[in-house]
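S.K.: Prediction below, plus the sequence it came from.
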Amino acid sequence: MRMRVRVIDVELDIGLPWGSCNFGQSEVEKAVDAAVRFAGMPGLTEYPSPVEVSIKLTDDAEVHALNLEWRDKDKATNVLSFPMLEHDELQYLRHPELVSGSYSISDADHIKTLKQVQGDGAEMEILLGDIILAYETCAAEADEKQITVADHATHLVIHGMLHLLGHDHVDDEEAEAMEALEVKALASMGLHNPYEA
C-alpha cells in the first residue's frame with residue numbers, strides 16, 4: 001500500500017485576483033488539514049486510497065454564475081461547496097473499523113457502497129468535492145472584519161471542507177456545532193474566532 005504524508009490531496013486552481021494576498025497551496029493545505037482534524041473523520045488517516053478535494057480561488061463573476069446555476073441564487077457569495085459523496089459513503093470514511101475491513105455490517109447495500117468507495121481494494125482516488133471562493137466578496141468581508149484576505153480565506157476553506165465532510169448549518173443546533181468546529185480549527189492555526197462580537 002502506498003504511504004501518503006497528507007490525509008487529503010489538494011488540487012488547487014488559483015485565479016488572477018488572488019495573486020497578491022499570500023494565499024496559495026501551502027496555506028490552503030493547512031486549512032484543509034485543520035478542518036479534517038476537527039471534523040470527526042478518524043478513518044481518513046487509515047483510508048487505503050487517495051482522497052482529494054478540488055479548490056478554486058476565482059472571482060465574484062464565476063461564483064455568481066455557479067450560484068445561479070446550481071443553487072438558483074442570483075448573486076455572488078463568499079464560498080460554494082459541492083460535495084461528491086453521499087451520507088453513507090462519508091460514514092465509511094468516518095469510521096476506521098469500516099475502512100480497514102473489520103466491520104460487521106450484514107446489509108448488502110452498505111457493503112456494496114463500501115466496495116464502490118474503496119474500489120474493491122484497487123487504488124482508486126476518492127473526490128470529496130469542490131470548494132470555490134470568490135475574491136471580491138472575500139476581500140470585502142476581510143476588510144469589514146479588519147483581517148487579512150488570507151486569514152478570511154482560511155476560515156472559508158475550513159467552512160467549505162466541513163460541508164464536504166458532512167456538516168451543515170441548516171438549523172441553529174447544526175450551525176452552532178459547525179461554528180464550534182471552525183473555531184477550534186482556526187485556533188489550532190493561531191487564528192481568532194470569527195464569530196466573536
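M.R.: That came in fine, so what should we check first? Numbers count the residues shown, from 1 in each chain.
S.K.: thought L68 was touching L80?
M.R.: No. Counting by C-beta atoms under 8 Å, L68 stays clear of L80, with 11.1 Å between them. All C-beta atoms are positioned from the backbone trio N, CA, C, and that covers glycine.
S.K.: more neighbours, the two?
M.R.: L80 (23 against 13; other C-beta atoms under 10 Å).
S.K.: so is that one in a helix, a strand, or just coil?
M.R.: strand (DSSP: H, G, I helix; E, B strand; the rest coil).
S.K.: Distance-wise, check it relative to P50.
M.R.: Using C-beta to C-beta, to the nearest Å, L80 is found at 24 Å from P50.
S.K.: gap between L181 and V79?
M.R.: Distance from L181 to V79, by C-beta to C-beta: 15 Å.
S.K.: hey, which helix or strand in this structure has the poorest pLDDT?
M.R.: helix 108-118 (a mean of 48; mean pLDDT, DSSP states H and E).
S.K.: Distance of I131 relative to V10?
M.R.: Counting by C-beta to C-beta - I131 and V10 are separated by 10 Å.
S.K.: what about these two, which has more around it?
M.R.: Between I131 and V10, counted using other C-beta under 10 Å, the more crowded position is I131 (28 against 20).
S.K.: burial measure for the residue lying closest to H167 once chain neighbours are set aside, as a count.
M.R.: Residue nearest to H167 in three dimensions, not counting chain neighbours: M178, with 4.8 Å by C-beta to C-beta, 6 or more residues apart in numbering. For M178, the neighbour count with other C-beta under 10 Å is 18.
S.K.: what about V7, helix or strand, and which?
M.R.: Using DSSP states H and E, V7 maps to neither a helix nor a strand.
S.K.: was I right about it contacting E29?
M.R.: No. V7 lies out of contact with E29 (C-beta under 8 Å); the separation is 10.0 Å.
S.K.: Would you check how far apart the spatially most central residue of the chain and D172 are?
M.R.: What sits nearest the mean C-alpha location of the chain, by C-alpha atoms, centre = their mean, is M161, with 1.5 Å. Using C-beta to C-beta, one gets 22 Å for the distance from M161 to D172.
S.K.: A140 too?
M.R.: In this view, A140 and D172 are 26 Å apart by C-beta to C-beta.
S.K.: Of these two, give the one with the bigger neighbour count.
M.R.: A140 (15 against 8).
S.K.: Which elements pack onto the helix or strand hosting that one?
M.R.: Using DSSP H and E, A140 maps to helix 135-145. Packed against helix 135-145 by the contact rule (3 or more C-beta pairs under 8 Å, 6 or more residues apart in numbering; DSSP states H and E) you find helix 60-71, helix 149-164.
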